[in-house]
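Trainee: 3D, please:
(one chain, ligands or ions: 1)
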Amino acid sequence: MNFRSDNVGAVAPEIMAALEAANHGPAASYGDDEHSARLNDSFSRLFETPVTVFPVSTGTVANALSLAAMLDPWGGVFCHELSHIHVAEGNATEGFTAGAKLLALPGDNFRIHAPALQAALQTAGWGIRNRAQPQAVSITQASEFGTLYQLDDIAAIGEAAKSRGLRLHMDGARFANALSALNTTPAEMTWRRGVDILSFGATKNGAMSADAIVVFDKTLVEPLSYRLRRAGQTWSKMRFAAAQLEAYVADNLYIRLAARANALAKRLAAGLSTVPGVTPIAPVEANLLFLQMPPALTDALAAGGVKLGRRDAGVVRLVTRFDGPEADVDGLLALARAA
Ligand SMILES: Cc1ncc(COP(=O)(O)O)c(C=O)c1O
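Mentor: Below you'll find the predicted structure:
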């Protein structure tokens, strides 16, 4: 019963099949192969606008390089105080930008909010050489705590950013989970609401270490392409990453996989809501549950074979995934009720 992360999941069979199909004979290297050539077209159809797609190996590098393409070393990027780029990426953004500053904002339900962003923009110290100069905003959809930005929230943040010439980045490590939960389209959740560049996660939802950067703002393509090469992200055997990403979005596979993960989270949340002493600390809107629970209950779950994430102050993180067995959800619930 492994609920520690969606990274513990397997590779989706459809993606394995795509890898197998691509695994024949030689293919041109460094993105000159037929799969990579098709990728921009298939993602442009998916996003209903011309986009440039760069496969990358991790979500961290997708975030750091996306932001590096937009930020000067003296620049600043607004983000939530608990965002992955701020607390869980080993200063990758600071490193790849050669020193840009993360400007952390508080915000309930683990999201930043347009009024707070507007207020911060007013006191940002524009033109003062002692201060980081804001150049970007980064939001995470679905957030690190499984909460969602509604489309209007994204639009409001996009407008606030644009009003001062800032670009908007979206960390979509769980993009498909958010899209499925909001029942909207990739275009509506991104560029139509002001997103300029997207870290498009696939690994947590069935790919084999293949994420991507999707670029909407064409002026970012060239600076990004040099940074990718410099960071060792221009894959020699690019066909295998491209083939996975093609399969991931074909026939809405990515949505079907995410919908399953989200449904398991809902089932788990509904079951746990009847267990005394268990309180969610964030609404369960995607595939992550953050719950306050008595340590004795957490211990009983762990002793019963449930792998989970323990946080400070009795908070537990449970993550569901596309290949998580329903029996595991029911097994966890049975243990919780017994305890
Ligand atoms: C919201 C978010 N962004 C980015 C990442 C980074 O992904 P990776 O571990 O592939 O670098 C993660 C991984 O947990 C994440 O949860």
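Trainee: what residue, apart from its backbone neighbours, is nearest residue 273 spatially?
Mentor: Once flanking residues are discounted, residue 273 sits nearest to residue 280: 7.7 Å by CB to CB, 6 or more residues apart in numbering. In this view, the C-beta of every residue, glycine as well, is placed from N, C-alpha and C.
Trainee: ok, now how distant is residue 296 from residue 276?
Mentor: 12 Å (CB to CB, to the nearest Å).
Trainee: and residue 297, by the same measure?
Mentor: 9 Å.
Trainee: repeat that for residue 84.
Mentor: Distance from residue 84 to residue 276, by CB to CB: 33 Å.
Trainee: what parts of this protein come near the ligand?
Mentor: 58-60, 63, 84, 140, 144, 171, 173, 203 (CB under 6 Å from any ligand atom).
Trainee: let's see it at 5 Å
Mentor: 58-60, 84, 140, 144, 171, 173 (CB under 5 Å from any ligand atom).
Trainee: for these, give me a markdown table that also has neighbour count.
Mentor: Shown next, in a markdown table, are these (neighbours: other CB atoms under 10 Å):
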| residue | neighbour count |
| --- | --- |
| 58 | 18 |
| 59 | 23 |
| 60 | 21 |
| 84 | 20 |
| 140 | 28 |
| 144 | 23 |
| 171 | 29 |
| 173 | 29 |
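Trainee: and the helix ranked longest in the chain, what does it pack onto?
Mentor: Scanning the chain for the longest helix, with DSSP state H as the assignment, gives helix 253-272. Secondary-structure packing of helix 253-272 (3 or more CB pairs under 8 Å, 6 or more residues apart in numbering; DSSP states H and E): helix 175-182, strand 288-292, helix 326-338.
Trainee: in its sheet, which strands sit next to the lowest-mean-pLDDT helix or strand in the chain, and in what direction?
Mentor: Here the helix or strand of the chain ranked lowest by mean pLDDT, DSSP states H and E is strand 309-310, holding a mean of 90. Applying DSSP bridges, strand 309-310 is found paired with strand 315-319 (antiparallel).
Trainee: what sits against the residue of the chain found nearest the ligand?
Mentor: Proximity to the ligand, evaluated over the chain using CB to the nearest ligand atom, is greatest for residue 59 at 2.6 Å. By CB atoms under 8 Å, 6 or more residues apart in numbering, residue 59 lies in contact with 84, 171, 173, 199, 201, 203-204, 211.
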